[in-house]
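build me a structure from this.
(one chain, ligands or ions: 1)
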Amino acid sequence: MADEVEGFNFEQKHGKGRVRVGRIWRKEDGQHFFVEWNVSISLLSDCLPAYVRGDNSDIVATDTMKNTVYAKAKECSEVLSVEDFAIELGRHFTSLYQQVTTAVIKIVEKPWERVSVGGQPHQHGFKLGSEKHTAEVIVKKSGALRVTSGIEGLALLKTTQSGFEGFIRDKYTALPETRERMLATEVSASWRYVYESLSNIPVKPPYFTERYLDVKKVLVETFFGPPKEGVYSPSVQSTLYHMARAVLNRFPDIASIQLRMPNLHFLPVNLPSKDNPTIVKFDDDVFTPTDEPHGTIEASLSRSWSKM
Ligand SMILES: O=c1[nH]c(=O)c2[nH]c(=O)[nH]c2[nH]1
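The predicted structure follows:
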């Protein structure tokens with residue numbers, strides 16, 4: 001929030017970063033549920049005297065914020081999504097403290113997944129998966145709300161049905177045109193829901209978790225295409241756009257989506273030999289995997305009637 005202080009413009013916020021919490025829920029049938037969250041809290045509050053006069057009487061201690069994460073985790077008697085937990089924290093800070101005008105809560109969930117043993121889901125055994133579910137929630141004292149969910153580290157690769165042709169050629173261009181290459185990326189996506197107030201968010205607890213899984217499915221299926229023939233990608237740009245569009249077309253409760261898709265190159269291996277026959281001649285088979293340097297391709301897509 002911006003204030004005028006002694007003739008200057010002044011903006012401030014304070015919070016606690018990287019509060020780590022694990023929570024078990026035990027069901028009556030013996031099945032356990034487990035989540036591990038990394039929570040960051042940032043509060044916009046009326047506490048100028050702390051900065052200007054050393055008067056802390058309007059300060060919510062960041063230690064209290066940390067304790068609140070554990071207290072609220074204890075209070076939640078049912079399994080809930082990162083979004084729901086973030087909304088609960090935001091609601092708490094903006095309603096309990098007169099000084100707090102806005103709460104920004106970010107959570108990254110560690111991807112613990114139930115293991116299967118002998119083909120059966122284990123009651124209390126979990127292994128670490130790969131991509132992470134994230135949420136960022138902004139709650140205002142008025143009840144105004146913004147919920148943004150995301151995926152980080154969704155690594156995808158296909159061995160064909162990708163090419164790159166027709167790009168600008170000049171004296172620095174060495175890249176050959178191709179209709180046959182590998183395509184590998186690590187998708188980061190974040191999408192904002194249409195809900196703008198605490199009073200109109202869906203209250204059914206699995207809603208945000210289900211949506212997260214639905215969005216991931218649409219992103220993955222659009223990237224790969226049908227199982228047998230796949231779908232041809234003329235560029236990362238085109239594939240990214242189709243993925244973003246598929247999500248907005250499919251889910252009316254999502255207002256906008258941002259995608260970041262590095263192009264993780266697999267370089268053809270050719271090993272000529274001066275005297276003997278060629279050691280390795282590339283035939284779309286042997287590659288040097290690289291992640292540095294990599295292409296960076298990102299875009300966001302929102303409904304044109306959106307206010308943002
Ligand atoms: O899909 C691609 N998009 C690019 O912008 C690009 N640039 C490049 O060198 N290779 C690729 N591939």
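
spell out which parts of the protein neighbour the ligand.
The chain comes close to the ligand at residues 164, 175, 235-237, 263, 295, as judged by C-beta under 6 Å from any ligand atom. In this view, the C-beta of every residue, glycine as well, is placed from N, C-alpha and C.

how about the strands in the stretch 201-308 of the chain?
Assigned by DSSP state E, counting those that start in this stretch, the stretch 201-308 of the chain shows strands spanning 254-260, 266-268, 287-289, 298-302.

please identify the most buried of the ones you listed.
strand 254-260 (a mean of 20; mean count of other C-beta atoms under 10 Å).

one step back: need the strands of the stretch 201-308 of the chain in CSV (columns: mean pLDDT).
Shown next, in CSV, are the strands of the stretch 201-308 of the chain (pLDDT from 0 to 100):
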stretch, mean pLDDT
strand 254-260, 98
strand 266-268, 96
strand 287-289, 97
strand 298-302, 98
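
with adjacent residues omitted, what lies nearest to the closest residue to the ligand within the stretch 1-150 of the chain?
Of the residues in the stretch 1-150 of the chain, the one nearest the ligand is Glu131, at a distance of 21.5 Å by C-beta to the nearest ligand atom. Counting by C-beta to C-beta, 6 or more residues apart in numbering, the nearest residue to Glu131 once its immediate chain neighbours are dropped is Leu154, at 4.2 Å.

before we move on, what about Ser81?
Closest to Ser81 by C-beta to C-beta, 6+ apart is Phe208, at 4.0 Å.

you'd agree that neighbour is up against Phe85?
No: counting by C-beta atoms under 8 Å, Phe208 sits too far from Phe85 to count as a contact (9.9 Å).

could you identify the most distant pair in the residues of the chain next to the ligand?
Within the residues of the chain next to the ligand, Leu175 and Gln237 form the most distant pair, 15.1 Å apart (C-beta to C-beta).

mind giving me the packing neighbours of the one helix or strand Thr134 maps to?
Following DSSP states H and E, one finds Thr134 within strand 132-140. Here strand 132-140 touches helix 82-96, strand 100-109, strand 145-158, going by 3 or more C-beta pairs under 8 Å, 6 or more residues apart in numbering; DSSP states H and E.

got those as TSV, with mean pLDDT, mean neighbour count and distance to Gly125 columns?
Output for the helices and strands packed on strand 132-140, formatted as TSV (pLDDT from 0 to 100; neighbours: other C-beta atoms under 10 Å; distance: least, C-beta to C-beta, whole Å):
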stretch	mean pLDDT	mean neighbour count	distance to Gly125
helix 82-96	98	22	22
strand 100-109	98	22	18
strand 145-158	98	19	23
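
show me what contacts Ser241?
Check again: residue 241 is Tyr, not Ser. Applying C-beta atoms under 8 Å, 6 or more residues apart in numbering to Tyr241 gives the contacts 299, 301.

distance check, it against the ligand.
When distance is defined by C-beta to the nearest ligand atom, to the nearest Å, Tyr241 is 12 Å away from the ligand.

then Val218?
21 Å.

can you check which helix is longest in this structure?
Assignment by DSSP state H gives helix 207-224 as the longest helix of the chain.

quick one: buried residues of that one?
207-209, 211-212, 215-216, 218-219, 222-224 (16 or more other C-beta atoms under 10 Å).

and for stretch 107-120?
107-111.

could I get those as CSV with distance to Gly22?
Below are the buried residues of stretch 107-120 laid out as CSV (distance: C-beta to C-beta, whole Å):
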residue, distance to Gly22
Ile107, 13
Val108, 13
Glu109, 11
Lys110, 9
Pro111, 13
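
between the residues you listed, which is nearest Ala299?
Taking C-beta to C-beta as the measure, Ala299 lies nearest Val108 of the buried residues of stretch 107-120, at 22.7 Å.

so that closest one makes contact with Val21?
No: if you go by C-beta under 8 Å, Val108 and Val21 don't touch, sitting 11.6 Å apart.

can you list residues touching both of those two?
Contacts common to Val108 and Val21, judged by C-beta under 8 Å, 6+ apart, are Trp37.

and the residue nearest to Ser81, how far from the ligand?
With C-beta to the nearest ligand atom as the criterion, Phe208 and the ligand are 32 Å apart.

give me the element the nearest residue to Val104 once chain neighbours are set aside is part of.
Nearest non-adjacent residue to Val104, counting by C-beta to C-beta, 6+ apart: Ser42, 4.3 Å away. In this structure, Ser42 is located in strand 32-45 according to DSSP H and E.

only the buried residues of the helix or strand just after that strand, if you could.
As assigned by DSSP H and E, the chain's next helix or strand after strand 32-45 is helix 48-53. Residues Leu48 are the ones in helix 48-53 that count as buried (16+ other C-beta under 10 Å).
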